[in-house]
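*Asks:* here is my input, please return the structure:
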Amino acid sequence: MRLYLEVANRAFRQQLTYRAATLAGLFTNGVFGVFLATVFIAFYRSNGDGGAAVSGWTVSQTVTMTWINQSIIMLVFMWGWWEIAITIQSGAVVTDMLKPMNYFAYWLSRDLGRAFAQVFIRFAPTFLIGWILFDLEPPASFANTIAFALSIAMAVGLSFTWRFMLNISTFWVLDYRGISMMAVAFVNILSGFLMPLAFFPDMLQPVLYSLPFRGMVQMPSEMYLGQTSIIRGLLFQFAWLVVMILFAQWVFARAQRKVVVQGG
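*Replies:* You can find the predicted model right below:
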């Protein structure tokens, strides 16, 4: 346990060193937050009654969700994380697999340390920008505030297991760029990142609401806004987290049989 805590601590410290990248990221999140929020406000106004709810979401709730999504981007780190894939391509993965540690737990510890640092350097500042520029909704209740924090923690876990499986697919395909492009499309569309899943056609909603992608992005907003039952929402994320961890372990066990060090 001490090993994994130290790994998480080092990952936490590492994130704090990239000050220029942090400022650039905050600027980018702010710009996209303003752009998307403005688009949704215009969308609601185009209906004739800007205060009317669309598919159960008011304009204030939708704008709040937009800023929550922008705030948690670097916590859940949905795209652009290919550290394991790079070690597979270089052959360094063999050294990592020979170390006296649980491979999955090692990378999970690194990701949790990284995510915890992002709470302070990206999540809080980005959400504050949204509060300053727009009239965001407060949490539905104190219980929803606690559920929101728990939901974000499980969203990070779900995102990591998803990214872990994408990375170890490199054992089979070596070049992960094609998988990366497909993964970005899947997460952006199916997670509620671009718009609430309730905005999709009714025939698609039962499927979209049952997929784990909802737990990676939209569920924290649902917890915050009281759009779903706290118990039901957290159980949904927890159940998918257990399933995905077990599946990731199974896939990794099979992947170890495919280890090929390029060049020898």
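*Asks:* pull the contacting residues for the residue lying closest to Gly25 once chain neighbours are set aside.
*Replies:* Excluding the flanking residues, the one nearest Gly25 by Cβ to Cβ, 6 or more residues apart in numbering is Arg122, at 6.0 Å. Glycine gets a C-beta too; all of them are placed from N, C-alpha and C. When contacts are counted by Cβ atoms under 8 Å, 6 or more residues apart in numbering, Arg122 touches 22, 25-26, 29, 71, 73-75.
*Asks:* surely Arg122 is in a helix?
*Replies:* Yes. Under DSSP: H, G, I helix; E, B strand; the rest coil, Arg122 falls within a helix.
*Asks:* helices along the stretch 101-250 of the chain, start to end?
*Replies:* Remark: helices assigned in the stretch 101-250 of the chain by DSSP state H, counting those that start in this stretch are 103-118, 124-133, 142-168, 170-173, 177-190, 205-210, 213-216, 218-225, 230-255.
*Asks:* how far off helix 103-118 does the last one point, in degrees?
*Replies:* This points to helix 230-255. 130 degrees (axes from the mean of the first three to the mean of the last three Cα atoms, to 10 degrees).
*Asks:* buried residues, helix 230-255. List them.
*Replies:* 230, 233-234, 236-237, 240-241, 244-245, 248, 252, 255 (16 or more other Cβ atoms under 10 Å).
*Asks:* likewise the second one?
*Replies:* Under the neighbour-count criterion of 16+ other Cβ under 10 Å, helix 124-133 has 125-127, 129-130 buried.
*Asks:* helices and strands of this protein: which one has the lowest mean pLDDT?
*Replies:* helix 93-98 (a mean of 81; mean pLDDT, DSSP states H and E).
*Asks:* if we go by neighbour counts, what in that one is buried?
*Replies:* Val93.
*Asks:* which strands or helices does that helix pack on?
*Replies:* helix 83-90, helix 103-118 (3 or more Cβ pairs under 8 Å, 6 or more residues apart in numbering; DSSP states H and E).
*Asks:* as a markdown table, those helices with mean neighbour count and distance to Gln205 would be great.
*Replies:* Output for these, formatted as a markdown table (neighbours: other Cβ atoms under 10 Å; distance: least, Cβ to Cβ, whole Å):
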| stretch | mean neighbour count | distance to Gln205 |
| --- | --- | --- |
| helix 83-90 | 18 | 33 |
| helix 103-118 | 20 | 29 |
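*Asks:* nearest to Met182, out of those helices?
*Replies:* Each of these has some distance to Met182 by Cβ to Cβ; the shortest is helix 83-90, at 14.2 Å.
*Asks:* which strands or helices does the closest one pack on?
*Replies:* Contacts defined by 3+ Cβ pairs under 8 Å, 6+ apart place helix 83-90 against helix 93-98, helix 142-168, helix 170-173.
*Asks:* for the helix or strand containing Gly25, packing partners?
*Replies:* For Gly25, the host element (DSSP states H and E) is helix 19-46. Secondary-structure packing of helix 19-46 (3+ Cβ pairs under 8 Å, 6+ apart): helix 59-76, helix 124-133.
*Asks:* from Ile68, how far off is the residue positioned nearest the centre of the chain?
*Replies:* Nearest to the centroid of the C-alpha atoms of the chain, with distances taken as Cα atoms, centre = their mean, sits Val76, at 2.7 Å. According to Cβ to Cβ, to the nearest Å, Val76 stands 11 Å off from Ile68.
*Asks:* same question for Asn188.
*Replies:* As for Asn188, its distance to Ile68 is 16 Å (criterion: Cβ to Cβ).
*Asks:* so those two - more neighbours on which side?
*Replies:* Ile68 (26 against 15; other Cβ atoms under 10 Å).
*Asks:* contacts only, for the residue lying closest to the more buried one once chain neighbours are set aside.
*Replies:* Of all residues not flanking Ile68 in the chain, Ser221 sits nearest, at 4.8 Å (Cβ to Cβ, 6+ apart). For Ser221, the contact set (Cβ under 8 Å, 6+ apart) comprises 64-65, 68-69, 192, 227.
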